[in-house]
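Student: Give me coordinates for this.
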Amino acid sequence: MKTILLFSFLFLFLSGLCTAQVTWQAQNSGTNYSLDGVYFVDENNGWVSGWSGIILHTTDGGQTWGLQNTPANYGLYTVFFTDLQNGWAAGYSGDVVHTTNGGETWTLQQNLDYEDIYKLFFIDENRGWAAGGFFDYLSGSYGRAIYNTTNGGNNWNLQYYMTFETELHSIYFIDSNTGYAAGGSGIMKTTNGGSNWFVQQNLSSFGLKDIVFTNSTTGFVTGQYEGVPHYSVIFKTTDGGNNWNETPLGTNEALSGVYFTDELNGWTVGNDYSSGNNLALIYRTTDGGNNWVKQNIPSFDALASVHFINGTKGWAVGTLGTILTTENPTPVELSSFTANVDESNVNLSWQTATETNNKGFEVERLQNSKITKLQEWKKIGFIGGYGTTTEKNFYAFVDKNLEAGSYSYKLVQVDFDGTQNESNIVNVEINSQPNEYKLLQNYPNPFNPSTTIQYSIPKNENVTLKIYNALGEEVRTLVNEHQTAGNYKVNFNAENLSSGIYYYRIVSKNYNAVKKMILLK
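Tutor: Here you go, the predicted model:
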């Protein structure tokens, strides 16, 4: 049955409920040395590495930090642990140090040909990789290098070496075969464990610093545009690195480290020198990198690396001994809020990523007061919450039988102790008839197994709406009929289709459009 959709508006929350802010607090590192690497294996046990071969260790989540002795004399730019006992650190001039007892003793494993090592990555206690390179200020020569080990670092083998290619600053492996490395303006990839590396992407004029993947196809690279005007940037891929889409952020900024705890939640850190000082900079995303929000933090020095153990608890380190930590106090993390219009009804739906002590949500609408003649918020419904849970939950509410006009909505999340937090506001417009052709992005996207496709036609005409797979083969016809002018929405159920990228195409006498959607099962 045809359903007429008058207007649709989607607003994705960038930072959860707006009054429950994430806070970062300083921890006492006990040093003024610059800190470059951070790694935690659980909420209590973590290590930080930095200049002059320094490694700090905590067993209480960073409340206290103790110095561990290492044989390294120079900066250790990276640290990595596979468990509580086995860890590695590496840095300037190719020094690699190793511990098998949680850092009580560190031994020098090998000097990697005097190449500076900026990043280590291990997939187990035996198999790991090191990425870096060199730059000789006197001769002007430079190069990049990748090493690997199959026996816990007892032996390191040179996998890739190329002069006059800028240093690699990061390396990340999805599994034992597929890995990525980034540095300078290039992104490299291997599909055979590093036996062969090839340049997958060259992003001219960009300085790339850190790379991470959330699954086999989706990854992120942070850095900065080094031209004028200078700005911080994040690149995202959804096809295994074949294509990278740029998200420019703030001017006079540089991003260094990035970390994701799942496919939606990630953080990137760096420095903001717009004021003339190198100040700490943190951005966060809760929608898989589609939007990034700068977090409000006190004035600390520039940050180099970030690491989280779950969706709320994390650490960031930087210059002058800076260690920051956060434990997201947000009782409910709201990841999306949707308002769309179906004839004279407004359908509200929202999703939470996590919930703590959540009694539920008051739904409020902005309207004119009959008494004061001013606009005021009125509670129009209440939807109960799930208490405390780390599972994703979906909610919906319908505001029925509304007249044409503009409407605003917000949610008031209520804890069992009475604490309240308000969401941002979403706005919708109920119109009588469209004046232009429009094919909207399906929602939800990605989806499983159903999604809604919305479109508008301003004239009476024949319309077809078809679904195609990634090979261009037609897999479903959703609409093939003469339609009157109006707004439409069509449900597409892909229960019998496999996961992957699909395309939907609308064709009429005067309009032709195609959009991409992703089925994730």
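Student: mind listing what the closest residue to Thr166 other than its chain neighbours touches?
Tutor: Spatially, and ignoring its direct neighbours in sequence, Thr166 is nearest to Gly184 (2.8 Å; Cβ to Cβ, 6 or more residues apart in numbering). To be clear about C-beta, it is placed using only N, CA and C from the backbone, and glycine gets the same treatment. By Cβ atoms under 8 Å, 6 or more residues apart in numbering, the contact list for Gly184 reads 144, 165-168, 207-208.
Student: out of these, which is most surrounded?
Tutor: Highest neighbour count within the contacts of Gly184: Leu168, with 31 neighbours (other Cβ atoms under 10 Å).
Student: which SSE is it in?
Tutor: Using DSSP states H and E, Leu168 maps to neither a helix nor a strand.
Student: Quickly note the distance from it to Arg144.
Tutor: Going from Leu168 to Arg144 by Cβ to Cβ, to the nearest Å gives 5 Å.
Student: Next: Thr217.
Tutor: 25 Å.
Student: likewise Thr70?
Tutor: From Thr70 to Arg144 the distance is 25 Å (Cβ to Cβ).
Student: before we move on, the earlier item: with respect to Asn101, which of the contacts of Gly184 is nearest?
Tutor: Using Cβ to Cβ, Leu168 comes nearest to Asn101 of the contacts of Gly184, at 30.1 Å.
Student: Partner strands of the lengthiest strand in the chain and their direction?
Tutor: Secondary structure of the chain per DSSP state E: the longest strand is strand 345-368. Strand 345-368 has its sheet partners listed here by DSSP bridges as strand 332-342 (antiparallel), strand 375-389 (antiparallel), strand 393-399 (antiparallel), strand 405-415 (antiparallel).
Student: Can you give me the buried ones in that strand?
Tutor: 346-356, 358-365 (16 or more other Cβ atoms under 10 Å).
Student: so where's the stretch 301-450 of the chain uncertain?
Tutor: 328-331, 343-344, 368-374, 404, 432 (pLDDT under 70).
Student: which residues touch Val363?
Tutor: Val363 neighbours (Cβ under 8 Å, 6+ apart): 348, 379-383, 397, 399, 409, 411.
Student: try 10 Å
Tutor: Counting by Cβ atoms under 10 Å, 6 or more residues apart in numbering, Val363 touches 348, 350, 378-383, 395, 397-399, 409-412.
Student: And for Asn357?
Tutor: 331-332, 385, 387-388, 414-417, 419.
Student: Gln68 too?
Tutor: 47-49, 54-57, 87, 89, 97, 99, 102-106.
Student: ditto for Ala485
Tutor: 433-435, 456-461.
Student: how about 7 Å then?
Tutor: 433, 457-460 (Cβ atoms under 7 Å, 6 or more residues apart in numbering).
Student: re earlier: out of the strands paired with strand 345-368, which is the most enclosed?
Tutor: Ranked by mean neighbour count, these are led by strand 332-342 with a mean of 22 (mean count of other Cβ atoms under 10 Å).
Student: ok so, going back, closest to Gln224 out of the contacts of Val363?
Tutor: Trp350 (34.6 Å).
Student: Kindly state the beta-bridge partners for that closest one.
Tutor: Phe337, Tyr395.
Student: what does Thr326 give?
Tutor: Trp24, Gly314.
Student: my guess is it meets Thr23, correct?
Tutor: Yes: the pair Thr326 / Thr23 is scored as a contact, 6.3 Å apart, by Cβ atoms under 7 Å.
Student: Among the two, which residue is more densely surrounded?
Tutor: The neighbour comparison of Thr326 against Thr23 (other Cβ under 10 Å) goes to Thr326, with 21 against 15.
Student: do you know how far that one is from Pro298?
Tutor: In terms of Cβ to Cβ, Thr326 sits 12 Å off from Pro298.
Student: Ok, Glu333 next?
Tutor: 23 Å.
Student: cool, Asn86 as well?
Tutor: Asn86 is 35 Å from Pro298, where distance means Cβ to Cβ.
Student: ok, those two, which is more surrounded?
Tutor: Using other Cβ under 10 Å, the more surrounded residue of Asn86 and Pro298 is Asn86, with 20 against 11.
Student: burial count for the residue nearest to that one when sequence neighbours are not counted?
Tutor: Distances taken as Cβ to Cβ, 6+ apart place Glu125 nearest to Asn86, at 4.8 Å, with adjacent residues excluded. Number of residues near Glu125 (other Cβ under 10 Å) recorded here: 17.
Student: and the two most separated of the contacts of Gln68?
Tutor: The farthest-apart pair in the contacts of Gln68, when distances are taken by Cβ to Cβ, is Val48 and Thr105, at 17.7 Å.
Student: Who has more neighbours out of the two?
Tutor: Val48 (30 against 14).
Student: ok, the nearest residue to the more buried one once chain neighbours are set aside - contacts?
Tutor: Distance criterion Cβ to Cβ, 6+ apart; nearest residue to Val48, sequence neighbours excluded, is Leu56 at 4.4 Å. Neighbour list for Leu56: 29, 47-48, 65-67 [criterion: Cβ under 7 Å, 6+ apart].
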